[in-house]
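[1] For reference, the sequence and a predicted model appear below.
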Amino acid sequence: MAAHKTIIPAVLVILALSNSVFAQGGPGRGRIILDEVLSIGGFDDDLLYQWVGIGVDAEGFIYVTDALDFSLKKFDGWGKLLKRSGRQGQGPGEFMAPRALACSANRLFVTDQNLPGVQVFDKELRFLKRIPLNFLVTEVTALSDARLACKTFEIQPRPQILIVDDDGRTLSTLSYGEPSMAAMTDLVDFARAPGGSFYLAYSHLDRIDKLSGDGGLVWSRSLFGLKKARMEKVSGFVVPTDIVFKDIALDIKGNIFVLGGSFSKNRGRDVYVLSESGEYLATFALPESSHCLYIDGQNFLYARANEGVTLKKYRMSYEGFKRSP
Amino acid sequence: MHANKKSRVFVGLAAGLLALTLFGLAAASLEASLCAEAFIDCLFDPQPMYPWEIARLAFCGNGYYFCMRYVDPIIN
C-alpha cells in the first residue's frame, strides 16, 4: 500500500510532464516554448476585425491588413493603434479584400484578393502608387523599397516567382516545381533568407523546397511521407481539397518554420522547424489555429487567435537546438 | 461601438466569415465543403470585373485558395 502511495503520484507527475512536452513539441530533438508578450484586439474592442497580412519594421511597428475592415493598420510595439487607412473600393488606397502585406525599409506593399497588382504605401499608411501587374497576387515579399518577389495566380508552363520592380516590370523569374503541374498544386508561400535563398512551402503538396538566389533547386523534402492532397472535381474543375502547408517563416538564425494544415495532428497549429539544410529539428503547437506565421527581426513570432480578431505576439525560447538564437 | 463590432464579427462567423468577403455571397453554410460551394457560386455568379471565362476562373480559383487558407481553421 505504501508503495502505491508513492508510485501513483509519481506516475501522475510523469504523465503531466509528458503531456506538457507533447503540447509544446513533438518527437524532434529540439523544443520551442512560446511566451505570449502581446495581444492586440478582442471581441470587446474595435482594433481588429479579421487581420490577414502582417509586417513588422525595424522599429518594431506592426502593420496589418484587416479584411473585414477593408483597411491597413499600424500599431506600436505595445499594441496601440496609431493609424488606420483604407476603405472598401477599387480606387487608390482602397481595398476589395486586402491580403498579404510586405514591409521594406520605407514602404508597405499590400495585395488584394480581388484586384491584380500591388498597392504601395509609406510607413504612415499614405498611398503612394499601384504596381500594375496583370494577375492576382497570392504572395509577396519585399526585396527592397523598389523590388518585390511575387507569386501570381495564373497558369504557367512552369511555376515561377516573379521578381518585379515598383513599376511592375519583370526583372527576373525563379522557376520551381515541375512543368505542367496540376491546377493549383503550384501555389506556394515563400520566405527569402538574407543571403538570397528562397524557401517554398507548397500549399497543396507535401513539399518544402530551398532555391538558390538564381532559382536552382538546393533541396526538396517532405514531412508526411509524400502524402498526396485530395483532389476533387468541383463544377467540372479538379481542385485540391487539402491544404498541406499554410505558411513559412524564417527565424533570425535561418531556421525554417512551416505551419501545417490538413495533414497535421493539430491543423493550423502545428509548426515544423527545419534547419537551413532541411534537417527536421522540432515540432511545436501554437495555442490557437492560425492562417499565418510571421517572425520579426527581433525573433518574435506572431500568429492569429480568435479567428483573426486577435493578433498574438510570442517570445520564443529554444531548448535542445545546436544554435539557439 | 463594441456592439457594432460584435455584430459584424459574429454575422461574419455565422455566415462562413471570410466567404462573404471572398465571394460576396449572400449566405454560406459552415460545412467542410464551404469553400467548394463558394467556388461554384463564384463561377456561376456574374463577375462584372472578370467577364471572360479564363479571368473568372482565376478570380474564383484565387478566392478558393484564400478560402482554404483562411476559413479552413474555423470549420475544422
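    Yep, it's here. Numbering: from 1, shown residues only, chains lettered A, B, ... in the order given.

[2] I'd like to know how many residues surround A:I54.
    Other residues lying near A:I54 total 22 when counted by other Cβ atoms under 10 Å in any protein chain shown. Where C-beta positions appear, they are placed from N, C-alpha and C, glycine not excepted.

[3] what does stretch A:270-286 rub up against?
    Under the criterion Cβ atoms under 8 Å, 6 or more residues apart in numbering or on different chains, residues A:23-34, A:193, A:208, A:210, A:219, A:221, A:223, A:254-260, A:264, A:266, A:268-269, A:293, A:303, A:320-321 lie in contact with stretch A:270-286.

[4] Which of the residues you listed are buried, as a PyMOL select command?
    Provided next is the PyMOL selection string for whichever of the contacts of stretch A:270-286 are buried by 16 or more other Cβ atoms under 10 Å in any protein chain shown:
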select buried, chain A and resi 24+25+26+28+30+31+32+34+208+210+223+254+255+256+257+258+259+260+264+268+269+293+303+321
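
[5] Within reach of chain B, which of the contacts of stretch A:270-286 are there?
    A:G268 (Cβ under 8 Å from any Cβ of the partner chain).

[6] For chain B, give me the ranges with low pLDDT.
    Along chain B, the parts satisfying pLDDT under 70 run over B:1-32, B:72-76.

[7] now the helices for it?
    Counting by DSSP state H, chain B has helices at residues B:2-14, B:18-23, B:34-44, B:53-70, B:72-75.

[8] residues of the third one that come out buried?
    Same thing as helix B:34-44. Of all the residues in helix B:34-44, those buried under the rule 16+ other Cβ under 10 Å are B:34-43.

[9] quick one: is it near chain A?
    Yes - Helix B:34-44 reaches chain A (Cβ under 8 Å from any Cβ) through B:36, B:39-40, B:43-44.

[10] In terms of helices and strands, where is A:S39?
    strand A:31-40 (DSSP states H and E).

[11] neighbouring strands for that strand, and are they parallel or not?
    In the sheet containing strand A:31-40, the strands it pairs with under DSSP bridges are strand A:310-319 (antiparallel).

[12] Check what contacts the partner strand and list those residues.
    Applying Cβ under 8 Å, 6+ apart, the set of residues contacting strand A:310-319 is A:30-42, A:48, A:51, A:54, A:62, A:64, A:251, A:287-288, A:299-305, A:324-325.

[13] CA-only coordinates of it in PDB, if you can.
    Listed next in PDB are the C-alpha coordinates belonging to strand A:310-319 (Å, rounded to 0.1, in the frame of the first residue of the first chain):
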ATOM      1  CA  THR A 310      -6.800  38.900 -32.100                       C
ATOM      2  CA  LEU A 311      -3.100  39.100 -33.000                       C
ATOM      3  CA  LYS A 312      -0.700  37.400 -30.600                       C
ATOM      4  CA  LYS A 313       3.000  38.000 -30.300                       C
ATOM      5  CA  TYR A 314       5.200  35.500 -28.600                       C
ATOM      6  CA  ARG A 315       8.700  35.300 -27.400                       C
ATOM      7  CA  MET A 316      10.400  32.000 -28.400                       C
ATOM      8  CA  SER A 317      12.700  30.000 -26.200                       C
ATOM      9  CA  TYR A 318      14.800  27.300 -27.800                       C
ATOM     10  CA  GLU A 319      15.800  24.100 -26.000                       C
END
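
[14] and the stretch 151-300 of chain A, which residues reach chain B?
    When proximity is defined by Cβ under 8 Å from any Cβ, the stretch 151-300 of chain A lies next to chain B at A:153-155, A:183-184, A:187, A:203, A:232, A:234-235, A:237, A:239-241, A:243, A:246, A:261-262, A:267-268, A:289-291.

[15] try 10 Å this time
    A:152-155, A:183-184, A:187, A:189, A:203-204, A:232-237, A:239-243, A:245-247, A:261-262, A:267-269, A:288-292 (Cβ under 10 Å from any Cβ of the partner chain).
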